[in-house]
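Undergrad: Starting from these lines, generate the structure:
(chains A, B, C and D)
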There are 2 protein chains.
Amino acid sequence: MLEDSNNKVKNTLGRPVDAGKSVAIVKAACTEFFNHGFAQSSIESIAARAGVSKVTVYNRFGTKEALFVAAVEYECDSMRDALDFTDVAAINLRDALIDFGVNMNAFLDRDEMIRFERHLAVETEHNPEIGRLFLEAGPRRMHRSLSGLLDKAVESGKLDIDDTMGAAEQLAGMIKGMADLERRMGQLNPKTRHVEAHKRVTNAVDMFLQCYAAN
Amino acid sequence: MLEDSNNKVKNTLGRPVDAGKSVAIVKAACTEFFNHGFAQSSIESIAARAGVSKVTVYNRFGTKEALFVAAVEYECDSMRDALDFTDVAAINLRDALIDFGVNMNAFLDRDEMIRFERHLAVETEHNPEIGRLFLEAGPRRMHRSLSGLLDKAVESGKLDIDDTMGAAEQLAGMIKGMADLERRMGQLNPKTRHVEAHKRVTNAVDMFLQCYAAN
DNA sequence: GTTTAATTAAACGGAACCGTTCAATAATGC
DNA sequence: GCATTATTGAACGGTTCCGTTTAATTAAAC
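TA: Model prediction:
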């Protein structure tokens, strides 16, 4: 994903490009950007964190904005990789849905993800494209994944749902509940958040199944 | 809410303080802060927008941070005032809930609110207290309001719900759906968002009633 | 008119940062 | 050795901004 050759013909002459440095820069950029925001992050601190000179950063990425976009893309790639709760090996549907919900919550509950979402949302005001990148890499992917799970349950006669995408949206919405907002506003109790989340998930799944279970 | 006298004994001597200026400053601060973020906003542009000298801003609010807090409080006050969909005079419960959902969605769908939420979430990282202020003034208030509406329906025998706060959370979550995220990431189609929202609300309410309607 | 306090414009010191330039050095192929 | 490219450190010009100071002006009470 990180194209290092800069679209140039591979040079056989001179000092070779150290590919690891681009990765180090992007990782450092993620840390800085998604912990302090775009404007608050300086290229120099990113370079320092990456163990690289500022000039190298500019040589590889051109501008601060381009580096930010690269950081977003990198983070989205990580999301894509980490977002495979699809292979739920649960025996019954209820357990599968609860599993999905608990995993989803745990995924969203990580500090990195919270901060990433916060700062990304602000930067979409300057560059809407990165908002689309994020949604495609994460939420929409997860939405389709849950919808697919429901599709299978419909096919096997366990559920009776017309619009599985809509139903998946309902379930995901209930699973998030108010915690989504409380989390983003930094008001989720670290001690009780996991217990509360589990309760919220089971309640949501049970309510959901009560409605959509096939007669 | 805006205390202008600075805890001093009212002066009868000298030039009197122009109370309108504090309001103008806070309003200008809201515009700047919640459109460009804290760090990107300069005291000088706020002062200019308020038609006031920079020194006056510092005389009244002391620091940039204090001004930001004042702006958040002002915005939260506005929220409190605007957040009265309580008096739903709908005849049947379904209409009342749909009304509530549509109003809530319209409230959240305003550009000012979207930007306010975005920038506030980022600033909670530096100052968690403002996150609490926001949640109390807005979301939690609305949550209790919806829960109260459900309570009445339970009392009058229309609904059968043990945990009305939990149920209200479920309904609100479904009403938000994915749109909440899409909106924050700047990917909600301006042309279809209202229609989609209405459909999402009615579907959520119907699903909700199907589950919790008293036998 | 005099006194008192609020307000202003202008300027300042200090800091931070972006993006560039330049000379020096490092790592490769020949 | 030489040629070539990557990389570095240091410095620079330009900009922006914070928070303060100063001298001048304004609006009220007396």
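Undergrad: Enumerate the residues of chain A near DNA strand C.
TA: A:12-16, A:40-45, A:54-55, A:58, A:63-65 (Cβ under 7 Å from any atom of the strand). No exception for glycine: its C-beta is placed from N, CA and C like everyone else's.
Undergrad: so which of those are also by chain B?
TA: Among the residues of chain A next to DNA strand C, the residues that sit close to chain B (Cβ under 8 Å from any Cβ of the partner chain) are A:Gln40.
Undergrad: In strands, which of the residues of chain A next to DNA strand C fall?
TA: Among the residues of chain A next to DNA strand C, DSSP state E puts none in strands.
Undergrad: Just the buried residues of the residues of chain A next to DNA strand C.
TA: In terms of neighbour count (16 or more other Cβ atoms under 10 Å in any protein chain shown), the buried residues within the residues of chain A next to DNA strand C are A:40-41, A:43, A:45, A:64.
Undergrad: Among the residues you listed, find me the one that's closest to B:Val201.
TA: Nearest to B:Val201 among these is A:Gln40, at 38.1 Å by Cβ to Cβ.
Undergrad: Ramachandran angles for the closest residue to that closest one other than its chain neighbours?
TA: Nearest non-adjacent residue to A:Gln40, counting by Cβ to Cβ, 6 or more residues apart in numbering or on different chains: B:Ala39, 5.6 Å away. Main-chain dihedrals, B:Ala39, degrees, to the nearest 10: phi -70, psi -30.
Undergrad: swap in A:Leu159?
TA: Dihedral angles (degrees, to the nearest 10) for A:Leu159: phi -120, psi 160.
Undergrad: so which helix or strand takes in the residue lying closest to it once chain neighbours are set aside?
TA: Excluding its sequence neighbours, the residue lying closest to A:Leu159 (Cβ to Cβ, 6+ apart) is A:Ala153, at 4.3 Å. Here A:Ala153, judged by DSSP states H and E, is contained in helix A:139-155.
Undergrad: helices or strands next to that helix in the packing?
TA: helix A:93-109, helix A:164-176 (3 or more Cβ pairs under 8 Å, 6 or more residues apart in numbering or on different chains; DSSP states H and E).
Undergrad: Outside of that helix itself, list whatever touches it.
TA: For helix A:139-155, contacts defined as Cβ atoms under 8 Å, 6 or more residues apart in numbering or on different chains pick out A:80, A:83, A:85-86, A:88, A:93, A:96-97, A:100, A:104, A:159-161, A:164-165, A:167-169, A:171-172, B:178, B:181.
Undergrad: Dump stretch A:162-179 to PDB, restricted to CA.
TA: Output in PDB follows, covering the C-alpha atoms of stretch A:162-179 (Å, rounded to 0.1, in the frame of the first residue of the first chain):
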ATOM      1  CA  ASP A 162     -37.200  -7.900   4.500                       C
ATOM      2  CA  ASP A 163     -34.500  -5.300   4.700                       C
ATOM      3  CA  THR A 164     -31.500  -6.900   6.300                       C
ATOM      4  CA  MET A 165     -29.300  -3.800   5.800                       C
ATOM      5  CA  GLY A 166     -31.900  -1.700   7.700                       C
ATOM      6  CA  ALA A 167     -32.200  -4.400  10.400                       C
ATOM      7  CA  ALA A 168     -28.400  -4.500  10.800                       C
ATOM      8  CA  GLU A 169     -28.400  -0.700  11.200                       C
ATOM      9  CA  GLN A 170     -31.000  -1.000  13.900                       C
ATOM     10  CA  LEU A 171     -29.100  -3.600  15.800                       C
ATOM     11  CA  ALA A 172     -25.800  -1.800  15.500                       C
ATOM     12  CA  GLY A 173     -27.500   1.400  16.600                       C
ATOM     13  CA  MET A 174     -28.900  -0.300  19.700                       C
ATOM     14  CA  ILE A 175     -25.500  -1.800  20.500                       C
ATOM     15  CA  LYS A 176     -23.800   1.500  20.300                       C
ATOM     16  CA  GLY A 177     -26.600   3.200  22.300                       C
ATOM     17  CA  MET A 178     -25.600   6.300  24.200                       C
ATOM     18  CA  ALA A 179     -22.100   4.900  24.900                       C
END
